[in-house]
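Participant: got a sequence here, can you model it:
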Amino acid sequence: MNQKSTASRALAIIEMTRATAPLPRTGGADVTEIIEEAHEKYRIKAGRLGGTYVARAFPKPPSKAQGVFAEAEGDSEQDALAALKAKIAARDVHRKQARRWDEAASVSVPNEEEFIEALFQTSLSRPQIAMLKAHSFARDDGMTMDQLARAAGYKSRDTAGNVFRKAGDLIADYLGIDVNEEGIPDREGAALILAFKYIQGEDVATVWIMHAELRHAVHVAL
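Facilitator: Take a look at the predicted model:
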């Protein structure tokens with residue numbers, strides 16, 4: 001699947017409200033009381049719509065995303081909820097198995113669709129967004145931590161490094177990536193989920209090169 005088709009698929013997931021209307025709360029002769037609960041990263045609702053019991057997963061506030069992330073049907077509201085939860089769990093297992101192993105970073109890199117969802121759902125700060133945008137446009141040339149600091153308006157590379165790692169922490173946490181399980185060095189934190197390091201020499205600044213999957217996702221989501 002090429003970059004354009006992957007991005008289009010991810011945007012379709014984020015913007016499904018145009019094609020799939022939310023479960024209504026009132027009105028309509030065949031709509032029962034809506035059951036609503038939190039489930040992992042999502043807010044899920046279930047009810048009877050048009051003679052069918054339907055459960056749908058929506059983004060949790062304060063997410064910037066809109067629309068339906070997953071949907072399932074059942075013989076009752078509870079059956080539909082159970083089917084939806086099973087569908088989400090199966091999708092997450094598939095996503096984890098499909099992640100690309102990056103030798104340079106020694107991590108399993110999420111795919112573009114995962115990154116797009118995470119970018120829409122996580123509350124990144126303005127400096128973190130500025131960093132990610134600038135970094136994505138650097139492409140394979142990458143950026144040093146000093147350059148990332150300037151992109152975010154910081155004077156200290158240490159401050160920039162901490163902010164960059166925290167962005168990685170937010171995305172890793174949303175996607176359920178256990179940094180300790182991945183074996184990432186403590187000093188790097190979850191920054192290696194975002195990019196890998198290219199060390200040119202002792203007297204040359206280390207360059208951070210953003211993973212291609214995240215680069216494409218940033219262009220779509222931010």
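Participant: pull the number of nearby residues for I184.
Facilitator: I184 is flanked by 21 other residues according to other CB atoms under 10 Å. Glycine gets a C-beta too; all of them are placed from N, C-alpha and C.
Participant: show me what contacts it?
Facilitator: I184 makes contact with S106, V107, A190, L192, I193, according to CB atoms under 8 Å, 6 or more residues apart in numbering.
Participant: pretty sure the third one sits against G168.
Facilitator: Yes. Between A190 and G168 there is a contact under CB atoms under 8 Å: 3.2 Å.
Participant: follow-up on the earlier one: pipe the contacts of I184 into TSV and attach neighbour count and distance to A70 per row.
Facilitator: Formatted as TSV, the entries for these read as follows, by neighbours: other CB atoms under 10 Å; distance: CB to CB, whole Å:
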residue	neighbour count	distance to A70
S106	14	31
V107	25	26
A190	21	25
L192	25	29
I193	30	23
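Participant: residues of stretch 85-98 that come out buried?
Facilitator: Taking 16 or more other CB atoms under 10 Å as the basis for neighbour counts, the residues of stretch 85-98 that come out buried are K85, I88, R95.
Participant: one more: stretch 120-139?
Facilitator: Per 16+ other CB under 10 Å, stretch 120-139 contains these buried residues: 120-122, 124, 127-132, 134-136, 138.
Participant: and if you look at stretch 152-166?
Facilitator: By neighbour count, with 16+ other CB under 10 Å as the criterion, the buried positions of stretch 152-166 are A152, Y154, R157, A160, G161, V163, F164, R165, K166.
Participant: same check on stretch 53-63?
Facilitator: By neighbour count, with 16+ other CB under 10 Å as the criterion, the buried positions of stretch 53-63 are Y53, V54, A55, R56, A57, F58, P59, S63.
Participant: and that stretch, what's its mean pLDDT?
Facilitator: For stretch 53-63, mean pLDDT is 87.
Participant: give me the distance from that stretch to the chain's centre.
Facilitator: How far stretch 53-63 lies from its chain's middle: 15 Å, per CA atoms, centre = their mean, to the nearest Å.
Participant: tell me which residue is most central in this structure.
Facilitator: A118 (1.7 Å; CA atoms, centre = their mean).
Participant: returning to that earlier point: pick out the most distant pair among the buried residues of stretch 152-166.
Facilitator: Set against one another by CB to CB, the buried residues of stretch 152-166 have their most distant pair in R157 and K166, with a gap of 14.9 Å.
Participant: next helix or strand past the lengthiest helix in the chain?
Facilitator: If each helix of the chain is counted by residues according to DSSP state H, the longest one is helix 77-98. Scanning forward in sequence from helix 77-98, with DSSP states H and E defining helices and strands, the next element found is strand 100-102.
Participant: for that next one, packing partners?
Facilitator: The elements that strand 100-102 packs onto, with contact taken as 3 or more CB pairs under 8 Å, 6 or more residues apart in numbering; DSSP states H and E, are strand 107-109.
Participant: contacts for the strand it packs on?
Facilitator: So strand 107-109 is contacted by 96, 99-102, 177, 182, 184, 192-193, 211, 213-214 (CB under 8 Å, 6+ apart).
Participant: following element in sequence after that strand, please.
Facilitator: In the C-terminal direction, the helix or strand that comes right after strand 107-109 (DSSP H and E) is helix 112-121.
Participant: tell me how far the next helix or strand along the chain from that following helix lies from the chain's centre.
Facilitator: The helix or strand immediately downstream of helix 112-121 is helix 126-138, counting by DSSP H and E. The gap between where helix 126-138 is centred and where its chain is centred comes out at 16 Å by CA atoms, centre = their mean.
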